[in-house]
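# Provided below for reference: sequence and predicted model.
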Amino acid sequence: MKTIVYNGRVIAPGTAPETGYVAAADGIIEKVGTGAPPETPGAEIIDARGGWIAPGLVDIHTHGFGGHWGFFKASELLDMARALPARGVTAFVPTTVSLPHPAVLGAVKAVKSAMASQAENAPEAPAGARVLGVNIEGPYINPAKGGAHIPSAIRTAPAKEVEEILSEAGPALLMMTLAPEIAGGMELIDKLVAAGVLPVVGHSDATAEQTHEAARRGATHFTHLFNAVRAFHQREPGCAFAALADPAMTVELILDGKHVHIDAAKIAFALKSADRMALVTDSIHAAGMPDGEYDVWGFKVNVKDGVCAIPNGTMAGSVLTLDVAVKNAVELLGATPEEAFRMASQTPARIIGRAGALGSLEPGKAADIAVFDEAFNCAATIISGRIVYRA
């Protein structure tokens, strides 16, 4: 099967966006070119109508979307996967929250089951965004920085629990957010690194030095920068600013204009650039749904004007979508469109070790393509060279 997307400004590595095309065959990108595409009889043709031809977006931190949770049941996770292409998302990492140990294992099993279902039922192209693996956020975090996580589920990391998680998950476990300063936190980092899992600093009251030590041990990524962590002080900058200062660390940002003041976001962007900062949503199941009251992890959350909050005012995830994050990066952050798309595709793919196969428009990579109009609204989404969404 051949697919050609043309007549749009192509977002490709190392070049300024120019009007051109992307040609794919059998689910793989064959050529990225400028101008008009070659005649290809029998090809599926998508006209970008002067908009953007971008890599499919990759969300490495999302709890749910479109009324669906991403870590309770495989069937619900697959529904979420089918809904996400409407926002240009072609791959994602379902993310848990702090849960009792059996529920953590259940979430891992649900993600593995969804991955297996995609591979079995559509080996050439999944029927929805690719489920890449699982991101375990908590429960081994600092209770003082738990945010909206269930307080009774937050705990230190018993060795038996960790071993059971690693055994159950295998290579499906891509990331785990932890607080390095809690008892056993540094040792947990060592275990994760040894197992090939990316340890992530977050929900933490770590000092700057503790954060640098965590990075030296292999915790080289930071969960939702500035949120639910130690505040900055000039004599003790804390973990967020240590992450910004540490060249080994990448960071992720919830760029909804609610979680992080735009001045703080601009500081992060200036220090990390599009190569070291990923846009994420941290979205709950209410993302893409109307305002109102929703049940989240056993308690009520009110969604209004783009903010999800529990009764005490604490934010509980977001209703941000990744296409809006890209738009905000351009309009609020001052990023170029190329930088904005990179922070939502190639950079997150590289953080989780998948940039060799997806995340950018290059020959030999998966033909995962998102077409946006000039205002960054998703017009079409292609996964493995197959159209899975049209506006």
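Ah, there it is. Everything numeric here is computed off the predicted structure, so don't read it as measured data.
# now residue 84: how far from residue 128?
Applying CB to CB, to the nearest Å, the value for residue 84 to residue 128 is 7 Å. (Glycine included, C-beta is placed from N, CA and C.)
# more neighbours: which of the two?
The residue with more neighbours, out of residue 84 and residue 128, is residue 84; 33 against 25, by other CB atoms under 10 Å.
# assign a three-state SS to the more buried one, would you?
At residue 84 the chain is in helix, as set by DSSP: H, G, I helix; E, B strand; the rest coil.
# can you give me every residue that contacts the closest residue to residue 225 other than its chain neighbours?
Nearest non-adjacent residue to residue 225, counting by CB to CB, 6 or more residues apart in numbering: residue 251, 4.5 Å away. The contact partners of residue 251, by CB atoms under 8 Å, 6 or more residues apart in numbering, come to 221, 222, 225, 243, 244, 268, 272, 276, 277, 278.
# next: residue 322.
Contacts of residue 322 (CB under 8 Å, 6+ apart): 57, 59, 87, 88, 89, 279, 280, 281, 344.
# in the sheet, who's paired with the first one?
In other words, residue 57. Listed beta-bridge partners, residue 57: residue 89 (assigned using DSSP bridges).
# who's in contact with residue 309?
So residue 309 contacts 301, 302, 315, 316 (CB under 8 Å, 6+ apart).
# including secondary structure, could these go into a markdown table?
A markdown table is the format used below for the contacts of residue 309 (three-state DSSP):
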| residue | secondary structure |
| --- | --- |
| 301 | strand |
| 302 | strand |
| 315 | strand |
| 316 | coil |
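# mind checking how far residue 213 is from residue 249?
From residue 213 to residue 249 the distance is 12 Å (CB to CB).
# of the two, who's got more company?
residue 249 (22 against 17).
# state the distance from the residue lying closest to the more buried one once chain neighbours are set aside to residue 204.
The shortest distance from residue 249 to any non-neighbouring residue, by CB to CB, 6+ apart, is to residue 243 (4.6 Å). To residue 204, residue 243 is 10 Å away according to CB to CB.
# shared neighbours of the two, anything?
residue 211.
# if I pick residue 173, what's in contact with it?
Counting by CB under 8 Å, 6+ apart, residue 173 has contacts 108, 133, 134, 136, 165, 166, 195, 197.
# tabulate those residues (CSV), appending neighbour count and secondary structure.
Converted to CSV, those look like this (neighbours: other CB atoms under 10 Å; DSSP: H, G, I helix; E, B strand; the rest coil):
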residue, neighbour count, secondary structure
108, 24, helix
133, 24, coil
134, 28, strand
136, 27, strand
165, 23, helix
166, 18, helix
195, 18, coil
197, 22, coil
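# how about CSV for those, with distance to residue 22 and pLDDT added?
Below are those laid out as CSV (distance: CB to CB, whole Å; pLDDT from 0 to 100):
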residue, distance to residue 22, pLDDT
108, 35, 98
133, 26, 98
134, 30, 98
136, 35, 98
165, 39, 98
166, 39, 98
195, 36, 98
197, 33, 98
